[in-house]
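1. attaching a predicted model along with its sequence, questions to come.
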Amino acid sequence: MKTNVGQFRFWAIGLASVWLTLFVFFPNLLVIFTSFLTRDPQATVSLPINADSYIRTLDFLYLKVLWDSLRMSLLAMIVCLFIGYPFAMAIVSLPKRWQPVILFLVILPFWTNSLVRTYAIQFILGNQGIINKSLIGLGLIDKPLQLLYTQFAVILGLCYILLPFMVLPLYSALEKLDVRLHHAARDLGAGPLSRFWHITVPLTSPGIVAGCLMVLLPAMGMFYISDLLGGAKNLLLGNVIKTQFLHTRDWPFGSAFSVILIVLLGFMLWLYFRASRFVSKQGGLNGSDF
Amino acid sequence: MNEPRALLNLNNLSKTYGSNRVLDNFDLTIFDGEFFTLLGPSGCGKTTVLRMIAGLEDTDTGNIQLDGQDIGQVPAEKRPINTVFQSYALFPHMTVFDNVAFGLRMSGVAKEEIAPRVAEALEMVRLGDFAQRKPSQLSGGQQQRVAIARAVVNRPKLLLLDESLSALDYKLRQQMQIELKRLQRKLGITFVYVTHDQEEALSMSDRVVVMNKGKVQQLGTPREIYEQPANLFVAKFIGEINQLAGEIVEIDGNHEYEVKVEGLKWRLHAEHNFKVGDKVNVLLRPEDVRVEYIDDPHPDQYLVGTVIERNYKGKTLDSLIRLPSGIEVIASEFFDEDDPSFDYSLNQKVAIKWVPGWEVVLPHED
């Protein structure tokens, strides 16, 4: 029995390690390596090793793309949080037997390819889309509103695709929250708002941070959203990387952007672990003034 | 002692969950400054009563008055009542200090007043040095004391304790019983304690209400409840008791009766009014039963029984004695230091009697 468990562990951990080494570690090493190579029209990349690609990313144009995509992703994250939190709270307040049903409905859109769903948004927002046609039909506007190919459309698309990633960790955090703590807080004179701020929010903060990261990190790279909904002006970092690899065929430059994105996301993850350690050790609202 | 002042009145409280009537026209008055206990088996409605007082449970009918004011519509957070929960329900993300300060902050107590009051409350439960710990770094007994400090620091008019000691081990529970009692005397706050542990109820309370199936069975001092149980349920729930069937054969007036028990006639006192021929139960606490060697001279009448079991309990010797009718009687006797031969052997015939007047005579119940 014991050796069986030992063997299972050996194979499970072994398989995962091999998988991660082959398909995550080495490809990333390759990307990092490529980012220091030189572009070559014949062989795609060639020596010598240099940091030219990184220096080129410091161009104002690209810094603006970085800043724009960070801002749009952050906005999408905030919108998802403000929609997702009440939504997750509403699910938790439902009778136990309904909760899995609603969660299933939250996950259901994943069964359709997100690219297809993004095209659907295009149809809804377009000049000949449902919204504009209805508004014109109702006589509220004369000519179609420019909804598609705006920042608004990109953020809407990001929120739509990524909302489940916010809801699920929030749900699991809220679901674990002990209702008896709320009773205790009520008993000690805390009204609904105080209970939310001093009990619910701090105790679900790991879920909040996890949900925010699960939205923010992928959002930075979701090039097809901005391709289909944002037009040429509203680029995400993912678009720049895609263009360098597929159109400009400048692999070192694209790799350099990938490395920057990885470092950026790694930094946020590091912040998250710092924050969650802080929460579990300090309780978030330690100190005598809330 | 002044005339006790009613602090809390529960009038006609009822509660039904589905088809389960947990509380049935429940009335109760709790006096200012007393240690009051709701005692009963699990599911008797005692915790429901507590949660209704706290405001965490709605009432179907009836009203709750605190200091003569109806608080039925006052939400839990606005009632001058605090609870020590069975699970303690300490906030895991806050330090001990912040847990205790929570109620004060919520009620807007001035900042410079909070720290000394929290320190005082923690000192009172002897946790002064633990203010910066997290609840998870404390033992069960310490968490319990934080929960008490967190409640009393608000100086509530009423402190509710929901089976608050049940999670502690025996030794610690005994110690906390004494501490709670001491704390209650010191603070002068009215304590309402809920428990299913009769020993705990008797040792701590000024008054006890025994509940069963959502109804009051008996209300009185621990002594009244132990010595004068109002019915068979109370008699059996509070400690061990021997039950002998009897019949009234003569009325001697003034609650004195001739009762036939186990074929012999006894002159017994009863609080109830009986007619000749009424079936009764004669109840005897094990420690009120006297067992004697049968060959000793006996001036009074006695029952004869056979010792079928003897249990050495340290402080006492508990003997199980079977009467000719088949009824088994438990006798619990303290050791007599002057009598080295004090002991019985199995199957030994012994004489059983009791001090007249220590029995309780109740009507027969089906």
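-> That came through fine.
2. what's the burial count for residue 198?
-> In the absence of a named chain, chain A is used. Residue A:198: 23 surrounding residues under other Cβ atoms under 10 Å in any protein chain shown. In this view, the C-beta of every residue, glycine as well, is placed from N, C-alpha and C.
3. chain B, not that one
-> 20.
4. which parts of the stretch 201-350 of chain B are helices?
-> Ranges of helices within the stretch 201-350 of chain B are B:222-227, B:232-237, based on DSSP state H, counting those that start in this stretch.
5. what sits up against the first one?
-> Right, the one you point to is helix B:222-227. Residues outside helix B:222-227 that contact it (Cβ atoms under 8 Å, 6 or more residues apart in numbering or on different chains): B:201-203, B:205, B:207-208, B:210, B:218, B:234, B:238-239, B:285, B:360.
6. now tabulate the helices of the stretch 201-350 of chain B in TSV and tack on mean neighbour count and distance to residue A:73.
-> As requested, the helices of the stretch 201-350 of chain B are exported to TSV (neighbours: other Cβ atoms under 10 Å in any protein chain shown; distance: least, Cβ to Cβ, whole Å):
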stretch	mean neighbour count	distance to residue A:73
helix B:222-227	17	68
helix B:232-237	20	65
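7. of all the residues in the stretch 151-300 of chain B, which one is nearest chain A?
-> residue B:154 (7.0 Å; Cβ to the nearest Cβ).
8. who's in contact with that residue?
-> So residue B:154 contacts A:188-189, B:80, B:82, B:103-104, B:107 (Cβ under 8 Å, 6+ apart).
9. tell me the pLDDT at it?
-> Listed pLDDT for residue B:154 reads 93.
10. do you know the pLDDT at residue B:161?
-> At residue B:161, pLDDT is 94.
11. please name the residues that touch it.
-> B:83-84, B:180, B:191-194.
12. quick one: which of these is nearest residue B:354?
-> Among these, residue B:193 lies closest to residue B:354 (Cβ to Cβ), at 32.6 Å.
13. need the buried ones from the contacts of helix B:222-227 selected in PyMOL.
-> Selection of buried members from those for PyMOL, criterion 16 or more other Cβ atoms under 10 Å in any protein chain shown:
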select buried, chain B and resi 201+202+205+207+208+210+218+234+238+285+360
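14. burial measure for residue 68, as a count.
-> Chain wasn't specified; assuming chain A. Neighbours around residue A:68, by other Cβ under 10 Å: 19.
15. my question was about chain B, not that one.
-> Residue neighbour count, defined by other Cβ under 10 Å, stands at 8 for residue B:68.
16. residue contacts, it?
-> residue B:9.
17. how about residue A:240?
-> A:62, A:65, A:254, A:257.
18. mind doing that once more with 7 Å?
-> Contact analysis of residue A:240 by Cβ atoms under 7 Å, 6 or more residues apart in numbering or on different chains lists A:62, A:65, A:257.
19. how far does the helix or strand harbouring it sit from its chain's centre?
-> Assigned by DSSP states H and E, residue A:240 belongs to helix A:237-246. Centroid separation for helix A:237-246 versus its chain: 18 Å, with Cα atoms, centre = their mean, to the nearest Å.
20. distance check, residue A:100 against residue A:106.
-> According to Cβ to Cβ, to the nearest Å, residue A:100 stands 10 Å off from residue A:106.
21. same drill for these two, tell me which one is more crowded.
-> Neighbour comparison, residue A:100 and residue A:106: the larger count goes to residue A:106, with 18 against 10 (by other Cβ under 10 Å).
22. these two touch, right, the more buried one and residue A:165?
-> No - Residue A:106 is not in contact with residue A:165 according to Cβ atoms under 7 Å; the separation is 10.0 Å.
23. biggest helix in chain B, by residue count?
-> For chain B, the helix with the greatest residue count under DSSP state H is helix B:170-187.
24. and the end-to-end length of stretch B:225-244?
-> End-to-end distance of stretch B:225-244 (Cα to Cα, to the nearest Å): 19 Å.
25. element containing the residue nearest the centre of chain A?
-> In chain A, the residue lying closest to the centroid (Cα atoms, centre = their mean) is residue A:215, at 2.2 Å. For residue A:215, the host element (DSSP H and E) is helix A:205-221.
26. who in the stretch 51-200 of chain B is up against chain A?
-> B:54, B:56, B:76-77, B:82-83, B:85, B:87, B:89, B:91, B:93-95, B:98, B:102-103, B:105-107, B:134, B:154 (Cβ under 7 Å from any Cβ of the partner chain).
27. in PyMOL, select just the buried ones from the residues you listed.
-> Buried residues within those, by 16+ other Cβ under 10 Å, are selected in PyMOL with:
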select buried, chain B and resi 54+56+76+77+82+83+85+87+89+91+93+94+95+98+102+103+105+106+134+154
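28. among the residues of the stretch 51-200 of chain B next to chain A, which lie within strands?
-> Counting by DSSP state E, the members of these that fall within strands are B:82-83.
29. so which of the residues of the stretch 51-200 of chain B next to chain A are in helices?
-> Counting by DSSP H, these place B:54, B:98, B:102-103, B:105-106 in helices.
30. the residue nearest to residue A:46 when sequence neighbours are not counted: how many residues sit nearby?
-> The shortest distance from residue A:46 to any non-neighbouring residue, by Cβ to Cβ, 6 or more residues apart in numbering or on different chains, is to residue A:40 (3.9 Å). Residue A:40: 13 surrounding residues under other Cβ under 10 Å.
31. repeat for the one 10 residues further on
-> Around residue A:50 sit 12 other residues, with neighbours defined as other Cβ under 10 Å.
32. then residue B:53?
-> Around residue B:53 there are 25 residues (other Cβ under 10 Å).
33. can you check residue A:89 too?
-> For residue A:89, using other Cβ under 10 Å, the count is 16.
34. can you pull the contacts of it?
-> residue A:174.
35. quick one: it from residue A:192, how far?
-> Note on residue A:89: its distance to residue A:192, by Cβ to Cβ, is 12 Å.
36. with residue B:140 instead?
-> Taking Cβ to Cβ, one finds residue B:140 at 31 Å from residue A:192.
37. do the same with residue B:208
-> Residue B:208 is 37 Å from residue A:192, by Cβ to Cβ.
38. equivalent analysis for residue A:30, please.
-> 54 Å.
39. just residue B:145 next, same as before
-> 29 Å.
40. quick one: which of those two has more around it?
-> Using other Cβ under 10 Å as the criterion, residue B:145 and residue A:192 rank with residue B:145 on top: 26 against 13.
41. on that earlier part again, for the helix holding residue A:240, list every residue counted as buried.
-> Neighbour counts over helix A:237-246 (16+ other Cβ under 10 Å) mark A:237-245 as buried.
42. what residues sit buried inside the following helix or strand past that helix?
-> The element immediately downstream of helix A:237-246 (helix or strand, assigned by DSSP H and E) is helix A:251-282. For helix A:251-282, the neighbour count (16+ other Cβ under 10 Å) marks A:251-261, A:265, A:272, A:279 as buried.
43. same for helix A:251-282, what does it pack against?
-> Applying 3 or more Cβ pairs under 7 Å, 6 or more residues apart in numbering or on different chains; DSSP states H and E, one finds that helix A:251-282 contacts helix A:26-35, strand A:38-40, strand A:44-46, helix A:52-57, helix A:205-221, helix A:237-246.
44. residue contacts, the most centrally placed residue in chain B?
-> In chain B, the C-alpha nearest the mean C-alpha coordinate belongs to residue B:201, at 2.8 Å (Cα atoms, centre = their mean). For residue B:201, the contacting residues are B:37, B:39, B:195, B:208, B:222, by Cβ under 7 Å, 6+ apart.
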